[in-house]
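1. Pasting the sequence and the predicted model now:
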Amino acid sequence: MAAVKYEIKETLGILSESSKGWSKELNLISWNDRDPKYDLRDWAPEHAKMGKGVTLSVEELKKLRELLNEIDL
């Protein structure tokens, strides 16, 4: 399997951290030299490893924000 190339362009925030040091982060990431997208996933310390995540375009992120704003918490 070919290696996935990524570059974290901007860290937008950390949602949580586990006792093992992993953090759930929202970042702007360029995958395989493509235009950056918004990405939500777990990262090991120093970004040495990553967990499964969700990558969103600007339009998808805006729609997610709308949906979250409608939720009565």
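-> Cool, got the structure. Residues are numbered from 1 along each chain as shown.

2. quick one, longest strand in this structure?
-> strand 6-17 (DSSP state E).

3. If we go by neighbour counts, what in that one is buried?
-> Using 16 or more other Cβ atoms under 10 Å as the test for burial, strand 6-17 gives residue 6. For glycine as for every other residue, the C-beta is placed from the backbone atoms N, C-alpha and C.

4. which is the next helix or strand following that strand?
-> Downstream of strand 6-17, the first helix or strand assigned by DSSP states H and E is strand 23-31.

5. Give me the next element, helix or strand, following that following strand.
-> Immediately after strand 23-31, counting by DSSP H and E, sits strand 37-43.

6. Secondary structure class of residue 68, three-state.
-> Recorded secondary structure, residue 68: helix (DSSP: H, G, I helix; E, B strand; the rest coil).

7. per-residue confidence at it?
-> Listed pLDDT for residue 68 reads 96.

8. Let me see the mean pLDDT of the longest strand of the chain.
-> 97.

9. elements contacting that strand?
-> With contacts defined as 3 or more Cβ pairs under 8 Å, 6 or more residues apart in numbering; DSSP states H and E, strand 6-17 has these neighbours: strand 23-31.

10. Tell me how far the strand it packs on lies from the chain's centre.
-> On the basis of Cα atoms, centre = their mean, to the nearest Å, strand 23-31 sits 3 Å off its chain's mean C-alpha point.

11. Now it: average pLDDT?
-> Averaging pLDDT along strand 23-31 gives 98.

12. Neighbouring strands of that strand in the sheet, and parallel or not?
-> When pairs are called by DSSP bridges, strand 23-31 turns out to pair with strand 6-17 (antiparallel), strand 37-43 (antiparallel).

13. hmm, who's touching that strand?
-> Residues outside strand 23-31 that contact it (Cβ atoms under 8 Å, 6 or more residues apart in numbering) are 4-17, 36-43, 55.

14. Quick check: buried residues in that strand?
-> Neighbour counts over strand 23-31 (16+ other Cβ under 10 Å) mark 23-27, 29 as buried.

15. Quick check: which element contains the residue nearest to residue 41 when sequence neighbours are not counted?
-> Distances taken as Cβ to Cβ, 6 or more residues apart in numbering put residue 53 closest to residue 41, at 2.4 Å, once the chain neighbours are dropped. Element membership for residue 53, per DSSP H and E: strand 50-56.

16. Sweet, I'm off.
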